[in-house]
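A.B. asks: Starting from these lines, generate the structure:
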Amino acid sequence: MMNKLHGIIFSYLSNPDLRELTHNRNTCSIPYGGRYRVIDFMLSSMVNAGICDVGMIVHANYQSLLDHVGSGKDWDLSRKHGGLRILPPFGYSGKREGVYRGRMDALAGVRSYLQNIRQDYVVLAGGDVAVNLPLADIFETHIRNDADITAVCTTRPMGDPKESDYFSIGSSGRITDVSVHPSIAQGCESLEVYILSKALLLSLVDHCAAHNIPSFSMGVLQAMSGQLKICPYVYDGYAARLQSVAGYFARSMELLDPDIRSQLFVPDRPIRTKDRSDPSTYYGPDSRSVNSLVADGCIIEGEVENSILFRGVRVEKGARVSGCVLMQGTTIQAGAVLKYAITDKNVRVNPGRMLMGHSTYPLAIAKNEIV
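C.D. replies: This next block holds a predicted model:
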């Protein structure tokens with residue numbers, strides 16, 4: 001049945017509230033969980049459900065994303081026909097200028113691609129949520145309910161209400177109202193994953209383009225909840241919305257909980273990522289590592305506690321790292337002390353330095369900085 005489903009991932013957002021983390025990349029390619037990028041979770045959810053054609057809509061600052069996904073080979077999406085397609089900004093419509101104002105604007109920009117989709121149904125998803133969705137089950141539920149649109153949501157809201165959508169669910173089991181970016185959370189929080197038919201999608205894209213409506217939430221869900229049968233699919237497994245530096249830090253630290261990891265990394269729905277053949281991590285004779293996620297290729301000679309270390313991180317002798325997220329290639333030199341800090345790729349902290357943030361306001365150090 002899943003060969004009837006086509007994946008579209010919106011990978012064009014670059015959230016300014018993520019500050020240093022999005023200087024050189026968009027939100028979807030932020031490193032997360034020791035060896036992954038955020039985009040890996042939605043791509044893997046689609047592949048695990050048997051989806052073999054995925055279009056990825058990109059805009060500015062997407063070189064890092066392209067370097068990561070490449071041809072899609074690591075997700076088994078490198079194919080002669082279909083597979084992974086990168087849809088660059090306005091590459092399919094010469095009449096448009098400027099940034100995408102919303103999802104319907106983005107879809108209008110790639111309408112000719114949508115027209116040529118081989119499958120009957122489409123799943124629309126953001127690439128900036130770390131979640132392991134049972135998309136095959138969601139699609140079966142969509143067909144069983146005879147819904148126009150199935151919207152995936154959660155009763156465990158984690159996002160900032162001012163950047164999230166919320167659904168009210170009526171006694172009939174349909175979504176009766178949609179709150180877009182309210183001041184406080186109300187109802188089920190949208191995970192911004194939707195399944196609908198290709199025919200309906202094309203008609204909605206044309207309607208919104210003709211009426212200058214850029215937003216899917218307001219132009220479709222809110223405006224048409226009375227006309228369309230919009231059904232919820234409530235998923236209460238773990239989902240991480242990365243909407244600020246403090247939020248990224250909090251969601252990262254949650255991965256140190258084995259229960260959270262078991263919800264995100266399910267054996268029969270593996271999360272795939274770009275393959276790198278790194279050697280095993282080396283722990284020196286005087287090193288200490290407590291309650292931490294440490295990727296391959298690290299050299300640990302100092303102390304690491306309650307932290308997440310990506311590939312190729314070096315913690316030299318006498319250095320102490322506590323409550324930190326250290327991205328690929330970070331070096332903490334001898335005697336340095338780091339607490340509640342996020343270092344982007346290839347950061348170097350000089351010997352003897354002491355850097356301290358707070359659990360609610362972590363210190364973020366931009367890519368390639370020397371401190």
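A.B. asks: Now do the contacts for the residue most central in space within the chain.
C.D. replies: What sits nearest the mean C-alpha location of the chain, by Cα atoms, centre = their mean, is Asp128, with 2.6 Å. Residues in contact with Asp128, defined by Cβ atoms under 8 Å, 6 or more residues apart in numbering, are Ser11, Leu13, Asn15, Thr27, Cys28, Val38, Arg241, Leu242. Every residue, glycine included, has its C-beta placed from N, CA and C.
A.B. asks: any idea how far the residue nearest to it when sequence neighbours are not counted is from Leu255?
C.D. replies: Nearest non-adjacent residue to Asp128, counting by Cβ to Cβ, 6 or more residues apart in numbering: Thr27, 4.2 Å away. Computed as Cβ to Cβ, to the nearest Å, the Thr27 to Leu255 distance reads 18 Å.
A.B. asks: Who has more neighbours out of the two?
C.D. replies: Set side by side, Thr27 and Leu255 show more neighbours around Thr27, with 25 against 20, by other Cβ atoms under 10 Å.
A.B. asks: Assess the claim that that one and Ser14 are in contact.
C.D. replies: Yes: in this structure, Thr27 is within contact of Ser14 by Cβ atoms under 8 Å, at 5.9 Å.
A.B. asks: in stretch 235-255, what counts as buried?
C.D. replies: 235, 238-253, 255 (16 or more other Cβ atoms under 10 Å).
A.B. asks: mind listing which of these are in strands?
C.D. replies: Using DSSP state E, the members of those that fall within strands are Ala239, Ala240, Arg241.
A.B. asks: closest to Leu363 among those?
C.D. replies: Closest to Leu363 out of those is Ala240 (20.5 Å), distances taken as Cβ to Cβ.
A.B. asks: For that closest one, which residues are in contact?
C.D. replies: Applying Cβ under 8 Å, 6+ apart to Ala240 gives the contacts Tyr32, Val129, Ala130, Val131, Met158, Arg251, Glu254, Leu264.
A.B. asks: Any chance of these in a markdown table with pLDDT as columns?
C.D. replies: Below are these laid out as a markdown table (pLDDT from 0 to 100):
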| residue | pLDDT |
| --- | --- |
| Tyr32 | 94 |
| Val129 | 90 |
| Ala130 | 93 |
| Val131 | 95 |
| Met158 | 79 |
| Arg251 | 94 |
| Glu254 | 95 |
| Leu264 | 94 |
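A.B. asks: Point out where the chain drops to low pLDDT.
C.D. replies: Within the chain, the stretches with pLDDT under 70 are 1-3, 90-98.
A.B. asks: what's the following helix or strand after the lengthiest strand in it?
C.D. replies: Taking DSSP E as the criterion, the chain has its longest strand at strand 188-197. Scanning forward in sequence from strand 188-197 by DSSP states H and E, the next helix or strand is helix 198-210.
A.B. asks: quick one: that next one to strand 188-197, angle?
C.D. replies: With axes from the mean of the first three to the mean of the last three Cα atoms, to 10 degrees defining the directions, helix 198-210 sits at 110 degrees from strand 188-197.
A.B. asks: contacts for helix 198-210?
C.D. replies: Contacts to helix 198-210, defined as Cβ under 8 Å, 6+ apart, come from residues 6, 104, 107-108, 111, 114-115, 117, 119-122, 124, 148-149, 196, 213-214, 219-220.
A.B. asks: one more time with 6 Å
C.D. replies: Residues from elsewhere that reach helix 198-210 (Cβ atoms under 6 Å, 6 or more residues apart in numbering): Met104, Leu107, Ala108, Arg111, Ile117, Asp120, Val122, Gly219, Val220.
A.B. asks: among these, which ones are buried?
C.D. replies: Of these, these count as buried by 16+ other Cβ under 10 Å: Met104, Leu107, Ala108, Arg111, Ile117, Val122, Gly219, Val220.
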